[in-house]
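Trainee: Only the shape, not the letters, is given here:
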């Protein structure tokens with residue numbers, strides 16, 4: 001997606017020293033992890049019955065947003081970096097796959113639907129179900145971090161899914177293509193920091209949405225994989241709480257905001273084929 005930026009920002013009471021971007025080894029480790037994940041998702045999405053990853057249906061049907069951390073609490077350590085993998089699932093009674101797909105493709109609505117974390121959003125290019133988008137996002141946890149991000153996104157809509165008798169379903173895949181930390185945002189001195197001056201709050205972010213109509217509503221599931229700088233020696237006590245809380249809070253915010261937007265949609269949209 002898109003709202004994929006909502007996954008992991010590492011913040012502490014004061015900014016950490018700048019780092020010169022992720023190492024080649026860290027990027028290679030991230031890419032290898034993504035290959036394995038996307039192979040698993042391809043198998044999952046080819047199955048009508050196992051289209052979504054397992055989740056606690058009782059909790060989700062009660063209206064809960066169920067968040068799972070799929071990497072260890074300390075993340076997956078890579079040279080000078082950490083990889084974080086999270087999954088969230090929720091259910092929206094009465095909503096449809098067509099309604100969600102319409103929302104996810106309408107990037108002009110993002111600053112309203114996902115405020116205050118999405119500041120601006122626009123489509124840079126589109127070819128059918130392939131989008132290139134740009135979002136400016138903000139996350140505040142003691143300090144405020146503003147990032148300019150671009151994504152390469154493919155939608156695999158409900159109409160393309162075989163065997164609709166098992167439930168109308170679809171998914172999308174979003175890869176970040178650029179993430180720039182913005183210094184002095186909104187001022188005359190605003191600028192994007194180069195690799196030698198940015199702080200490594202977020203280097204890579206992939207987001208995977210899956211959705212399926214069933215039980216009189218729509219199940220929505222997100223998986224995010226992000227790459228951030230590693231924790232400096234001696235600062236783990238200060239940083240671990242942020243690593244653990246911000247991804248969870250951000251993913252829950254994304255799912256709740258999406259669910260609220262679907263609930264507010266006119267009933268006529270829910271009959272859209």
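Mentor: Yep, that arrived. Since the structure is predicted, the reported quantities are computational estimates derived from the model, not experimental observations.
Trainee: And the strands in the stretch 1-150 of the chain?
Mentor: With strands called from DSSP state E, counting those that start in this stretch, the stretch 1-150 of the chain shows them at 66-69, 76-78, 81-93, 118-127, 130-141, 143-156.
Trainee: need the contact list for the closest residue to residue 25 other than its chain neighbours.
Mentor: Leaving aside its chain neighbours, residue 25 sits nearest to residue 79 (4.2 Å; criterion: C-beta to C-beta, 6 or more residues apart in numbering). C-beta coordinates here come from the backbone N, C-alpha and C atoms, glycine included. Contacts for residue 79 (C-beta atoms under 8 Å, 6 or more residues apart in numbering) come out as 23, 25, 26, 29.
Trainee: could I get those residues as TSV with neighbour count and distance to residue 183?
Mentor: Output for these, formatted as TSV (neighbours: other C-beta atoms under 10 Å; distance: C-beta to C-beta, whole Å):
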residue	neighbour count	distance to residue 183
23	15	23
25	12	28
26	23	23
29	19	28
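Trainee: Please render those as a markdown table that adds distance to residue 145 to the earlier fields.
Mentor: A markdown table is the format used below for the contacts of residue 79 (distance: C-beta to C-beta, whole Å):
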| residue | distance to residue 145 |
| --- | --- |
| 23 | 22 |
| 25 | 25 |
| 26 | 20 |
| 29 | 24 |
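Trainee: just checking, which of the residues you listed belong to helices?
Mentor: In this view, the contacts of residue 79 that belong to helices under DSSP state H are 25, 26, 29.
Trainee: what ranges do the strands span in the stretch 151-273 of the chain?
Mentor: Assigned strands in the stretch 151-273 of the chain, in chain order: 169-183, 191-192, 204-214, 217-229 (criterion: DSSP E, counting those that start in this stretch).
Trainee: Go ahead and name everything in contact with the shortest one.
Mentor: Think strand 191-192. Under C-beta under 8 Å, 6+ apart, the answer for strand 191-192 is 148, 180, 181, 182, 183, 184.
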